[in-house]
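> Fold the stuff below for me.
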Amino acid sequence: MARRFCSPWMLPVALVQAFFMITLSGIWLFGFGLFWTFMVVELPKDLGPYSQMSSLSMFLHGAFPVPLEMRDTNDVKYEFKFDHVLILANVMVLMMMGWAPTRVADLRKELEEDQNHINILLSGDRALTNEEQLPCGTEVSVQLLRQSVLGRWVRRTGVQPKEPKDSEVHDYKEEILLLRKDGQGRFSMKHTWVTNADSYGSDQRMVGCSPETIKKDSEGLGGFLESSEEGAPWEWQVLGEPAEPSICIKGAGWRATGIIEDDDIVAHGSHRGIESFDVPLQELLKTWDFVPVT
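Numbers count the residues shown, from 1 in each chain. Just a heads-up that it's a prediction; the model follows:
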C-alpha cells in the first residue's frame, strides 16, 4: 500500500516537534539576551564614562536594535516577547527543512548509492522518465522496481552449427552482454545463416570491444567482468511507446557483414566506429540467460 502524504497518526509527532522547536528558540533567545545585555549595556559601563563601545558591541547594537519593550527600562536588559520566539522557531524550521523532490530524476538521485541495482519508478505499468514530475494525488501510487543486472547475459536462438563455416542449412544467432558495476560494459553479437548453397551470410557486431580484444576468449569477452579493462558506457533509459525501461550501451565498436544471395554479393565489408545496442528490460529478463557477478 502506498504511503499517504498526510496521516492523522503523524499529528502527535508534529506537536512534539513543534513544542521542541519553540522551547529551543526560547532558550536560544534567552542566552542571546544575556550576551547582548553584557556587550551593549554592562561592558561599556565597566570601561568608564569616557570610553567607547567595542566593535562587537557596536555591531550587536546596530544589527539587533533595541526592542520597544526596552525603552521603558532604559536599556538595562534585553527583553523579548513570545512573538519573537515563534518567528525564530519558524526561521529555524525553514532552514532545516528539506524540500520534497518534485521530479523523477530528483528521487532517483537519492537511490544511486546502491550501484548493484537499477531503480525504476513505475506509475501503473508505465515507467517514468527523468524529466517527468512525480505524480501526486489521493489515488496515485508510484512503485519502485529494483533489478540486479550486473553480470553476464547471453541469448542464443537457432541451432549452432558444428563448424564455424558449416554449409548445412541453419540460422544461428548468439548475443552476449556484459555489465559491470563501474558503468562499463561490452556487447557482442554473431549471426550466421545458410538458406541454400547459393544464399548465406553472417553479421557480427561489437560494442566496447573488437575482434582483437576477444580473440583468445570469445565466450567470456576477454574476462571483462573480472578485470578493469575499458569497455563502453552503459545505462538504463526509458524508451519506446509505451515507455518502458531499457538497457543501453554505446561506444567504440566494430561491425562486419557478408551476405550472398543467389550467388551474388549483396553486402560485404567491415568498419570501426561508434556502435550502440539497447534491449528492453522485460525482454532481457524473459529471453536472456543471466549469470550474476560473484
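> Where do the helices of the chain begin and end?
Read by DSSP state H, the chain holds these helices, from start to end of the chain: 11-37, 43-47, 55-63, 82-96, 104-109, 281-287.
> So which of those is the most surrounded?
Stretch with highest mean neighbour count among the helices of the chain: helix 104-109 (a mean of 16; mean count of other CB atoms under 10 Å). C-beta here means a position set from N, CA and C on the backbone, and glycine is covered the same way.
> thinking again about what came up before, let me have the helices of the chain in JSON lines, extended by mean pLDDT and distance to Gln184.
Converted to JSON lines, the helices of the chain look like this (pLDDT from 0 to 100; distance: least, CB to CB, whole Å):
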{"stretch": "helix 11-37", "mean pLDDT": "89", "distance to Gln184": "45"}
{"stretch": "helix 43-47", "mean pLDDT": "74", "distance to Gln184": "65"}
{"stretch": "helix 55-63", "mean pLDDT": "80", "distance to Gln184": "55"}
{"stretch": "helix 82-96", "mean pLDDT": "88", "distance to Gln184": "40"}
{"stretch": "helix 104-109", "mean pLDDT": "69", "distance to Gln184": "21"}
{"stretch": "helix 281-287", "mean pLDDT": "87", "distance to Gln184": "18"}
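> of all these, which lies closest to His191?
Judged by CB to CB, the one of the helices of the chain that comes nearest to His191 is helix 281-287, at 15.5 Å.
> by contact count, what packs against the closest one?
Taking 3 or more CB pairs under 8 Å, 6 or more residues apart in numbering; DSSP states H and E as contact, the helices and strands that helix 281-287 lies on are strand 244-261.
> Give me the sheet partners of the strand it packs on and which way each runs.
The pairing partners recorded for strand 244-261 under DSSP bridges are strand 199-207 (antiparallel), strand 232-239 (antiparallel), strand 264-280 (antiparallel).
> worst average pLDDT in the ones you listed?
Per-stretch averages of pLDDT across the strands paired with strand 244-261 put strand 232-239 at the bottom, with a mean of 80.
> who's in contact with that one?
In this structure, residues lying in contact with strand 232-239 by CB atoms under 8 Å, 6 or more residues apart in numbering are 118, 120, 127-130, 149, 179, 183-187, 207-208, 244-253, 278, 280-281.
> re the thing from before, out of the strands paired with strand 244-261, the one nearest Leu86 is which?
Using CB to CB as the measure, strand 232-239 is the one of the strands paired with strand 244-261 that comes nearest Leu86, at 45.9 Å.
> Put the alpha carbons of that closest one into CSV.
Extracted in CSV, the C-alpha atoms of strand 232-239 (Å, rounded to 0.1, in the frame of the first residue of the first chain):
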residue,chain,number,x,y,z
ALA,A,232,31.7,1.1,-23.4
PRO,A,233,29.4,3.1,-21.0
TRP,A,234,26.1,1.6,-20.3
GLU,A,235,23.0,2.9,-18.6
TRP,A,236,19.3,2.3,-18.5
GLN,A,237,16.8,4.6,-20.2
VAL,A,238,13.1,4.8,-20.7
LEU,A,239,12.5,4.3,-24.4
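> What distance do you get for Thr192 to His170?
When distances are taken as CB to CB, to the nearest Å, Thr192 and His170 turn out to be 7 Å apart.
> Comparing the two, which residue is more hemmed in?
Using other CB atoms under 10 Å, the more surrounded residue of Thr192 and His170 is Thr192, with 21 against 16.
> which residues does the more buried one contact?
Counting by CB under 8 Å, 6+ apart, Thr192 makes contact with 161, 170-173, 200-203.
> With respect to Met97, which of those residues is nearest?
Distance to Met97, by CB to CB, is smallest for Lys173 among the contacts of Thr192, at 55.3 Å.
> That closest one: what's its closest spatial neighbour, skipping adjacent residues?
The shortest distance from Lys173 to any residue that is not its chain neighbour, by CB to CB, 6 or more residues apart in numbering, is 4.3 Å, and that residue is His191.
> how's this protein carved up into domains?
Segmentation of the chain into domains, based on automatic domain parsing, reads 8-96, 104-148, 151-292.
> looking at those, which is buried most?
The most buried one of the domains of the chain (mean count of other CB under 10 Å) is domain 151-292, showing a mean of 16.
> From Met95, how far off is Leu177?
Distance, Leu177 to Met95, by CB to CB: 48 Å.
> next one: Val207
Per CB to CB, Val207 is found 48 Å from Met95.
> Check His268 too.
Using CB to CB, we find His268 at a distance of 69 Å from Met95.
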